[in-house]
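> please find the sequence and the predicted model below.
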Amino acid sequence: MSRPVLITGARAPVAIDLARAFAAGGYDLYLADSVTPWAARWSRAGRRRIVRLPPARHAFDAYAAALADWVARHDPALIVPTCEEIFYVAAAAARHGFAKRLFAPPLEVLRRLHSKLLFPALLRSIGAPALETWAIESPQDLEALGIAPGELVLKPEYSRFGTATLVRPDRAALRRFAPAPGRAWVAQRFVAGEELCLWSAARDGRIVASAAYRPLWRHRRAAAFAFELVAAPAAEAVAAKVAAATGMTGHLSFDFIVTESGEAVAIECNPRAVSGVHLFDGDPALAAAIAGEGPRAEPKAELRYLAPAMLLLGPVAGRGRWRDLAGDWRRGGDALGRAGDRGPALGALLDAARFALTGFSRGRSPTGQTTDDIEWNGEPLG
């Protein structure tokens, strides 16, 4: 049997499809998280292979020690983070000496990619299209720009899911604008065009898997729950440039605006796994590519969705577009409950209910609760 592979962030749907890929490839697979990930636990790939860790954000020393202890006992060949725990895993790996096993770059590279202020500077330095971006630490900084808010997009420097983003805000929306010293926001000039997303995997500065997709269905500005494969060579060229410039190994995920002229402008980067992973359908070739043991992997599916969200949120998001919703349901397929592995679809409902109820009891949104114990907002980690 091969040496173990550990996938962290098991709460994420993408972790399940990555687990399927590694299990199908014959790897000795484990998944880890600081909550009980019911969808992963009820997957055939993750059954009886869940490692429970302390909460990374709230107890980092304990998290790092527990992860290092598991590494020492199991000697994994590879550790694949999936969510925002990636920053804590990278810091723990540097502290305890297992960074070479990690499918992620060092923390300083992760910071350049994750920061919505540093990432555009990285793009400019490699000759890639980049948005005009300014650091904003007070309402006075915004006024000093001399640009009407209706021509801007405002967002915290470290944020996720677009839930705090203000696109061309009016006066009412600006009430949610709350920068402060040490908690900077960024202002970016608004660019019109089509929004596309891209997930890619890099090894030693070279892209080994990539899927560009249209976020087909979403509720308001939240994360999409249906993903349609598209051809986006301009976007993939940007990913290749970033991978080569950093020489990194790990996830490279982007949100792009593709303008009328065909230029792909990356508006932000997430150095973690995102929904494009689902378009590989758990193919073992994806696992081999990530592990550096096979050629470049290619997507297998045209359209995938998260069925529980499609059923519950689709009618709300579609506002009466029943035919479109039904048509996409028929031509796509569920990324959670796949043939021979239906358990994760039910488990995902339990996960969603747990985050919603816990968030309600603590005055947080369900989305905010999903990352409460793993999100990283630029704080020092040692």
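Nice, I can see it.
> which residues of the stretch 151-300 of the chain fall in strands?
Along the stretch 151-300 of the chain, counting by DSSP state E, counting those that start in this stretch, strands occupy 152-156, 166-167, 185-189, 194-203, 206-218, 224-229, 250-258, 264-270.
> which other residues reach the last one?
Taking C-beta atoms under 8 Å, 6 or more residues apart in numbering as the criterion, the residues outside strand 264-270 that touch it are 113-114, 116, 119, 123, 128-131, 153, 160, 188, 191, 193, 196, 232, 234-235, 237-238, 242, 251-259. Placement of C-beta: from N, CA and C, glycine included.
> ok, the first one next?
With contact meaning C-beta under 8 Å, 6+ apart, strand 152-156 is reached by 116, 136, 142, 145, 162, 164-169, 177, 179, 183-190, 267, 377.
> go again with 6 Å.
164, 165, 166, 167, 177, 185, 187, 188, 190 (C-beta atoms under 6 Å, 6 or more residues apart in numbering).
> PyMOL command to pick out the buried ones of these?
The buried residues among the contacts of strand 152-156 can be selected in PyMOL (16 or more other C-beta atoms under 10 Å) with this line:
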select buried, resi 164+165+166+177+185+187+188+190
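> hang on, the earlier thing: and the contacts of strand 264-270, which of them are buried?
So, by 16+ other C-beta under 10 Å, the buried ones in the contacts of strand 264-270 are 113-114, 116, 119, 123, 128-131, 153, 160, 188, 193, 196, 232, 234-235, 238, 242, 251-258.
> residue ranges with poor pLDDT in the stretch 201-350 of the chain?
Within the stretch 201-350 of the chain, the ranges that satisfy pLDDT under 70 run 221.
> and the helices in it?
Under the criterion DSSP state H, counting those that start in this stretch, the stretch 201-350 of the chain contains helices at 233-246, 284-291, 307-318, 322-331, 343-361.
> comparing these, which comes out most buried?
helix 284-291 (a mean of 23; mean count of other C-beta atoms under 10 Å).
> next, the angle from it to strand 194-203.
Counting by axes from the mean of the first three to the mean of the last three C-alpha atoms, to 10 degrees, helix 284-291 lies at 70 degrees to strand 194-203.
> how distant is helix 284-291 from the center of its chain?
On the basis of C-alpha atoms, centre = their mean, to the nearest Å, helix 284-291 is displaced by 18 Å from the centre of the chain it belongs to.
> can you list the strands of the stretch 151-300 of the chain in TSV and add distance to residue 357?
Converted to TSV, those look like this (distance: least, C-beta to C-beta, whole Å):
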stretch	distance to residue 357
strand 152-156	26
strand 166-167	29
strand 185-189	30
strand 194-203	29
strand 206-218	23
strand 224-229	20
strand 250-258	29
strand 264-270	27
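> so which of those strands gets nearest residue 299?
Distance to residue 299, taken as C-beta to C-beta, is lowest for strand 206-218 among the strands of the stretch 151-300 of the chain, at 4.5 Å.
> still on that earlier bit, residue 381 is nearest to which of the strands of the stretch 151-300 of the chain?
strand 250-258 (16.7 Å).
> now the closest one - C-alpha only, CSV.
Extracted in CSV, the C-alpha atoms of strand 250-258 (Å, rounded to 0.1, in the frame of the first residue of the first chain):
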residue,chain,number,x,y,z
GLY,A,250,-0.4,24.1,-4.7
HIS,A,251,-3.9,25.4,-5.6
LEU,A,252,-4.3,28.6,-7.8
SER,A,253,-7.9,29.8,-8.0
PHE,A,254,-9.0,33.0,-9.6
ASP,A,255,-12.1,35.2,-10.2
PHE,A,256,-11.8,36.9,-13.6
ILE,A,257,-13.7,39.6,-15.5
VAL,A,258,-13.4,38.9,-19.2
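> quick one: strands adjacent to it?
As defined by DSSP bridges, the strand partners of strand 250-258 come to strand 194-203 (antiparallel), strand 264-270 (antiparallel).
> which stretch among the strands of the stretch 151-300 of the chain comes nearest residue 356?
strand 224-229 (15.3 Å).
> and that closest one, what other elements does it pack with?
strand 206-218, strand 303-305 (3 or more C-beta pairs under 6 Å, 6 or more residues apart in numbering; DSSP states H and E).
> which elements pack onto the longest one?
Read it as strand 206-218. strand 194-203, strand 224-229, helix 233-246, helix 284-291.
> tell me the angle that strand makes with strand 224-229.
Going by the same axes, to 10 degrees, strand 206-218 makes 130 degrees with strand 224-229.
> count the residues that sit near the closest residue to residue 375 other than its chain neighbours.
Using C-beta to C-beta, 6 or more residues apart in numbering and skipping residues adjacent in sequence, the residue nearest residue 375 is residue 84, 4.9 Å away. Residue 84 has 26 neighbouring residues, counting by other C-beta atoms under 10 Å.
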